[in-house]
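Q: Compute the structure for the input listed below.
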Amino acid sequence: MPTPQTPIFPTFQGLCPFKLGYMDIRATDEKLLSIGYSRQEIPIDHPPNALTRRATAQLIAYFNGELKDFDLPLNTGVYTPFYQSVWSALCAIPYGKTSNYSQIAQKIDNPKAVRAVGMANGRNPFCIVVPCHRIIGKDKSLTGYAHGLEMKRWLLELEGAIAPELTLFD
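A: Next up is the predicted model:
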């Protein structure tokens, strides 16, 4: 029986550097397993493959303002149907637009599930590709984000969803 540290299928890894850190891309031959974020460079434990290279190229194009919609196969089948429905609703939020938990709960025909939507949003394993950063407060404020408000603000500014923050030293 495999241990939690032993993958039950081959895993491949890609690393995508960008202005605020690194995106850690994990995949099988067929689907992405996760896209995580780190401020520091991440050790490469597994070689890249065609899918991690494709995801890296799409992320770079997104960061350069050249890509608005990702076309990557995600391994969501291991998650609950509820999580899958929330993530599907997140993917339907257009580039440069925002939504909130209540609107997502309405969209998945479960208006009382606002807190559960928040939990599913926070457990999204596909950073940026499943755009949980596009969720803001009902009052239009920037709300919590697993990777920090600085990153959330940067992503929303990149997409033109919010105006750039004015600073003297940029």
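
Q: The helix or strand encompassing Ile35 packs against which elements?
A: Assessed by DSSP states H and E, Ile35 sits inside strand 32-38. If contacts are counted by 3 or more Cβ pairs under 8 Å, 6 or more residues apart in numbering; DSSP states H and E, strand 32-38 sits against strand 21-27, helix 50-63. In this view, the C-beta of every residue, glycine as well, is placed from N, C-alpha and C.

Q: Among those, show me which one is buried the most.
A: With neighbours taken as mean count of other Cβ atoms under 10 Å, these reach their highest mean count in strand 21-27, at a mean of 22.

Q: Adjacent strands (with direction) for that one?
A: Strand pairing for strand 21-27, using DSSP bridges, gives strand 12-18 (antiparallel), strand 32-38 (antiparallel).

Q: Tell me which of these sits nearest to Ala113.
A: Taking Cβ to Cβ, strand 32-38 is the member of these nearest to Ala113, at 23.9 Å.

Q: and that closest one, what's its mean pLDDT?
A: Regarding strand 32-38, the rounded mean pLDDT is 96.

Q: before we move on, back to that, report the buried residues of the strand holding Ile35.
A: Using 16 or more other Cβ atoms under 10 Å as the test for burial, strand 32-38 gives Leu32, Leu33, Ile35, Tyr37.

Q: Can you name the residues that contact the residue sitting nearest the centre point of the chain?
A: In the chain, the residue lying closest to the centroid (Cα atoms, centre = their mean) is Cys127, at 1.9 Å. Residues near Cys127 by Cβ atoms under 8 Å, 6 or more residues apart in numbering: Met23, Ile35, Gly36, Tyr37, Ala146, His147.

Q: phi, psi of it?
A: As for Cys127, its main-chain torsions (degrees, to the nearest 10) stand at phi -50, psi 130.

Q: Distance from the chain centre to stretch 76-90, please.
A: Centroid displacement of stretch 76-90 relative to its chain, using Cα atoms, centre = their mean, to the nearest Å, is 13 Å.

Q: which one of the buried residues of strand 32-38 is nearest Ile104?
A: Closest approach to Ile104 among the buried residues of strand 32-38 (Cβ to Cβ): Ile35, at 20.0 Å.

Q: How about the contacts made by the closest one?
A: So Ile35 contacts Met23, Asp24, Ile25, Arg26, Ala55, Leu59, Pro125, Phe126, Cys127, Ile128, Val129 (Cβ under 8 Å, 6+ apart).
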